[in-house]
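1. Sequence and computational prediction follow.
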Amino acid sequence: MGGVRNLSFHRLNNLADAADGEDIEAQTYNNGDILFKEGSSSNGLFFIERGTILLTTLGADGSHAAIRTATADNFIGFLSLVRGTNYTSTAMAIEDDCQVRFVSKAIFNEALTDNSFANGFIKILCERIQSIENHIVDLKTKSVRQRLAIVLIMFENAFKKRSQKESPLISLKKKDIARIVGTAPETLSRHLAEFENEGFIELHIKGIKVINHPGLYTIANISD
């Protein structure tokens, strides 16, 4: 679906260029920078060109729970815009040099009148709904060990796409990985140590390196 997202963004950018003669400019976000906060006014959506964005929501106990991550060629913030509500999550960069383009509500609403763009976005919405349903099922049925394996596979693929290295370091803070997996940092550290002892990963000062891909896929119970 990355191609659909990319085509939809390029169509959106072309429409904006035709309207005011300017492209939708990219902005740089570094680790910890906030794109938008839960409860704030939904005044646009975002297209990620590079980097990883973590979306969280505020739980009943006041802590932030990870919903999902979004990487290159993804739109975020559009569900709130379509529904006409405030943002229902907080979006934060979890690595440096994330390149993101902001699309204003006015440009987006104007673009929806274009059939080519609207059709592409309908496909993205359908995919997002399916992703939410799958995520809920995973949370209910998979153990912390399985969820960690899935997250490591997902991030290695994302970092591989960015760095073009066959085995890139996953340079994310452990506390951020713990939030995504949905466990305590201490529990995460224990599982990472187990994965290293079992020969699935190597722990480095600057990140995590996957060295046994089939092993992680087996733990995650998904096909390589």
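-> Everything's here; your move.

2. Just give me the residue closest to the centre of the protein.
-> When CA atoms, centre = their mean is applied to the chain, the residue found nearest the centroid is A70 (1.2 Å).

3. so what's that residue up against?
-> 48, 52-53, 55, 76, 91 (CB atoms under 8 Å, 6 or more residues apart in numbering). C-betas here are computed from N, CA, C, even on glycine.

4. so how far is A158 from it?
-> 10 Å (CB to CB, to the nearest Å).

5. anything in contact with each of these two?
-> T52.

6. what's next to the helix or strand encompassing R145, contact-wise?
-> Applying DSSP states H and E as the criterion places R145 in helix 144-163. If you take CB under 8 Å, 6+ apart as the criterion, helix 144-163 is touched by 50-52, 69, 71-72, 138-139, 142, 165-172, 177, 180-183, 187-188, 191-192, 194-195, 200-201, 208, 210, 213, 216-217, 219-222.

7. What is the subsequent helix or strand relative to it?
-> Using DSSP H and E, the helix or strand that directly follows helix 144-163 along the chain is helix 174-181.

8. Enumerate the positions of the helix or strand following that following helix that are buried.
-> Of the helices and strands lying after helix 174-181 in sequence (DSSP H and E), the nearest is helix 185-197. By neighbour count with 16 or more other CB atoms under 10 Å, helix 185-197 contains the buried residues 188, 191-192, 195.

9. Just put the contacts of A70 in CSV and tack on distance to V100 and neighbour count.
-> Shown next, in CSV, are the contacts of A70 (distance: CB to CB, whole Å; neighbours: other CB atoms under 10 Å):
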residue, distance to V100, neighbour count
I48, 5, 25
T52, 11, 25
I53, 7, 23
L55, 13, 22
I76, 9, 22
A91, 9, 23
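
10. need these in a markdown table with distance to R83, pLDDT and secondary structure, can you?
-> Listed next are the contacts of A70 as a markdown table, based on distance: CB to CB, whole Å; pLDDT from 0 to 100; DSSP: H, G, I helix; E, B strand; the rest coil:
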| residue | distance to R83 | pLDDT | secondary structure |
| --- | --- | --- | --- |
| I48 | 21 | 90 | strand |
| T52 | 25 | 86 | coil |
| I53 | 20 | 89 | strand |
| L55 | 16 | 85 | strand |
| I76 | 14 | 88 | strand |
| A91 | 16 | 92 | strand |
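
11. Look up how far F159 lies from I208.
-> To F159, I208 is 10 Å away according to CB to CB.

12. Correction: the previous question concerned E110.
-> For E110, the distance to F159 - CB to CB - is 36 Å.

13. cool, N31 as well?
-> 14 Å.

14. out of those two, which sits in the busier spot?
-> Neighbour count, other CB atoms under 10 Å: between N31 and F159, F159 has more, with 23 against 17.

15. Regarding I107, what is its secondary structure?
-> helix (DSSP: H, G, I helix; E, B strand; the rest coil).

16. Per-residue pLDDT of it, please?
-> What the model reports for I107 is a pLDDT of 82.

17. And for it, the neighbour number?
-> Other residues near I107 number 18, with proximity taken as other CB under 10 Å.

18. Just confirm it contacts I24, I think it does.
-> Yes: the criterion here is CB atoms under 8 Å, and I107 meets it with I24 at 7.4 Å.
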